[in-house]
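In: got a predicted model here, sequence first, then my questions.
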Amino acid sequence: MTIGKNILGQTRPGLEAAIADAGALWTGQQGLTAMHRSWAFFDDMQRDLNWRVDTLKQMVPNAGNGLLSGLLTFNSETEAARQGKADAASIAEALRQHEIMNSAESWDKVTAATGATRKKLSDPAYAASLLAALGPDKFRKLFIQWMKNSRYATDKGPSPNLIQKGRETLGPLAQAYANAERAGRLGEVWRDKFMETTPPGVLTALVAMSKPSPRLLNQIALRVLGRPLKADLPTSENWNLNILVDAYDADPQAVQTLLAENKDAAGWLLHPQRVRMSGIRGFEEKLAGVLDKALKPGVGDDTVRERAWLNIISSMGAANSPWIGGQWGTFHDSPVSETLAKNVGPYLDELARGQAKRDNPDLKEVHPRPPWDSLDPDVASRFMGGLMQDKDAAKTLLKAAQDYALTLDIGRFRPFGDEKMQDEYTKREALAGAAANLLLSGSAYAEWSDDEYADFVATVVTLPIDWLSNKFWPIQSATAATARDAGLDASKDSIKEMIKDYLDKKTPGTASVLADELVKKLAAWVNESLEEHNQKPLTPSQRNQTEMALRGRLYDALKKALEARGG
């Protein structure tokens, strides 16, 4: 139909001119009329087919673009629109009578009028006509009255029990709104202005009592979440949040899109005050489950999921972030932090590259790619620190960093050899050190005991040595390899004791002095291990080069972490 209309549209001006020139004696009295009827046929049939397809898609909303079948309620779009207008008049009259009588009986007549629409709602032309005739003001007034009848505040949203009852009364109107929006048939007055002037509880009631499109769901979510935090103070359960999270649980890719397309959405949805003060039992666990569905590797479009992660990290790691040392402590013993830590692993490479870019501005091969190159490395550090307030999340991040180190496969390259091998080694060692740097920077925000903190830092600062220790020389003997690993463990214990002594004020040195001693100790361990295993030791210049590399990767982050922890 579209192709036919286009062809006729292109030839129509010329045909009209030719018919006019020829005159009625040649073309007959109906020359122009016949052509106009041809145009009308294409136009009417196209509109009719679009209506039928839209209606079938509403009847089978999850069938995609395959073969659909069903029985249409109306014979034509015109008939559907006419009936929608008539039913809206019945609802409006019942509402007018209720405003006069204000009785249970008058309200029952209102709900009887809305219930009469139930079997016709699959037709989007009917739904759009019903809404257009009723108008947003009367539509909004119906839902506000319904919530007032049940003594629920329109700002906090309806409870599950009220939603269940509402499906039997005003549910058809909610479905009409969702169906008309999904088919692209809502008028302009129902878009931005309706969202801005409708109480949040009414909007979430529409979500709970229908199957909104991802576009509509996210539009309502931004309206609800974008309000000031004080609007969600815990005077009662915040059912708005619960309804949104339930809807996203059924459509996790919608929340992925929300987080990717709006840079503020992550901060609004995950704000500690909202999460911890919702008043809904088990809400934090439910939110964590939704985030897991939306953010785990392989879900949805890779680029959309990546942008969602970037916005999450940017929001949570921002300066003066409420997730860092705030009174709410969202990520202390939190399933949210554990979920984020579990799924951020695939992006550790880009986060490490951000650290490497700051420390190695000229080594462009290790710099992050767009859009990660726009992320401030300090923001990434604060994000990691927020997660590390949860001990289980910290362990997960450490394991992810260790796994990341294995993918670098530094052992295929020696630090001292031909130029190509040295270049490759330098790049990989820079990334390994940057990953350790990222964890060290984040550890400054972790709320651990001194013993736990010392153990974590000792593990992190020896990660580069873990990666290097069995790479300078091949150890075929299992016994020798075990001895080497035991030596590294002893070195970790020694480093841990040095850190604990510093934190316990048993040593007079500053954080700068201790960081310097730790770097020297790590470099010395490499050479000592070579000698213990009968390998060729490093020359003085090579030993100095190794120490300088470790110092460049670890010293600043280690010094800052120790200062933040020990003063």
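Out: Yep, that arrived. This one's a predicted model, so the numbers in the text were calculated from it and none came from an experiment.

In: residues near the closest residue to G187 other than its chain neighbours, how many?
Out: Nearest residue to G187, sequence neighbours excluded (CB to CB, 6 or more residues apart in numbering): A132, at 5.8 Å. (Each C-beta comes from the backbone N, C-alpha and C, glycine too.) Using other CB atoms under 10 Å, the number of residues around A132 comes to 19.

In: now do the contacts for A132.
Out: Residues in contact with A132 (CB atoms under 8 Å, 6 or more residues apart in numbering) are 84-85, 88, 187.

In: at 10 Å what do you get?
Out: Neighbour list for A132: 81, 84-85, 88, 180, 185-187, 189-190 [criterion: CB atoms under 10 Å, 6 or more residues apart in numbering].

In: in PyMOL, select just the buried ones from the residues you listed.
Out: The PyMOL command for the buried members of the contacts of A132 (criterion: 16 or more other CB atoms under 10 Å) is given here:
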select buried, resi 81+84+88+180+185+186+190
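
In: in TSV, list the contacts of A132 along with secondary structure.
Out: TSV is the format used below for the contacts of A132 (DSSP: H, G, I helix; E, B strand; the rest coil):
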residue	secondary structure
A81	helix
G84	helix
K85	helix
A88	helix
A180	helix
R185	coil
L186	coil
G187	coil
V189	helix
W190	helix
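
In: which two from the contacts of A132 end up farthest apart in space?
Out: Comparing all pairs in the contacts of A132 by CB to CB, the longest separation belongs to A81 and V189, at 17.1 Å.

In: follow-up on the earlier one: for the residue nearest to G187, which three-state class applies?
Out: Here A132 is recorded as helix under three-state DSSP.

In: look up the pLDDT of it for me, please.
Out: In this prediction, A132 carries a pLDDT score of 95.

In: that one and S213: what is the separation?
Out: 19 Å (CB to CB, to the nearest Å).

In: and L259, by the same measure?
Out: 17 Å.

In: which of these two has more neighbours?
Out: Ranked by neighbour count (other CB under 10 Å), L259 and S213 place L259 first, with 26 against 18.

In: mind listing what the more buried one touches?
Out: Contact analysis of L259 by CB under 10 Å, 6+ apart lists 218, 265-266, 269-270, 291, 294-295, 304-305, 307-312, 315.

In: which SSE is immediately downstream of whichever strand or helix holds it?
Out: Assigned by DSSP states H and E, L259 belongs to helix 252-261. Later in the chain than helix 252-261, the nearest helix or strand by DSSP H and E is helix 265-269.

In: give the contact list for G226.
Out: By CB under 10 Å, 6+ apart, the contact list for G226 reads 200, 262, 264-265, 268.

In: where along the stretch 101-250 of the chain do the helices fall?
Out: Under the criterion DSSP state H, counting those that start in this stretch, the stretch 101-250 of the chain contains helices at 104-115, 124-134, 136-149, 160-166, 171-182, 192-197, 200-208, 214-225, 239-250.

In: next, format those helices as JSON lines and append distance to E563.
Out: As requested, the helices of the stretch 101-250 of the chain are exported to JSON lines (distance: least, CB to CB, whole Å):
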{"stretch": "helix 104-115", "distance to E563": "65"}
{"stretch": "helix 124-134", "distance to E563": "62"}
{"stretch": "helix 136-149", "distance to E563": "54"}
{"stretch": "helix 160-166", "distance to E563": "50"}
{"stretch": "helix 171-182", "distance to E563": "55"}
{"stretch": "helix 192-197", "distance to E563": "48"}
{"stretch": "helix 200-208", "distance to E563": "45"}
{"stretch": "helix 214-225", "distance to E563": "37"}
{"stretch": "helix 239-250", "distance to E563": "39"}
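
In: wait, which of these is closest to S441?
Out: Across these, S441 has its closest neighbour in helix 214-225 (29.6 Å, CB to CB).

In: put the alpha carbons of that closest one into CSV.
Out: C-alpha atoms of helix 214-225 as CSV (Å, rounded to 0.1, in the frame of the first residue of the first chain):
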residue,chain,number,x,y,z
PRO,A,214,9.5,-0.2,28.0
ARG,A,215,9.3,3.4,26.8
LEU,A,216,6.3,4.2,29.0
LEU,A,217,7.7,2.3,32.0
ASN,A,218,10.9,4.3,31.8
GLN,A,219,9.1,7.6,31.3
ILE,A,220,7.1,6.9,34.5
ALA,A,221,10.2,5.8,36.3
LEU,A,222,12.0,9.1,35.6
ARG,A,223,9.0,11.0,36.8
VAL,A,224,8.9,9.1,40.1
LEU,A,225,12.6,8.8,40.8
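
In: what mean pLDDT does it get?
Out: Helix 214-225 shows a mean pLDDT of 95 in the predicted model.

In: for it, buried residues please.
Out: 214, 216-225.

In: stretch 295-306 too?
Out: Counting neighbours by 16+ other CB under 10 Å, one finds that the buried residues in stretch 295-306 are 295-296, 299-300, 304-306.
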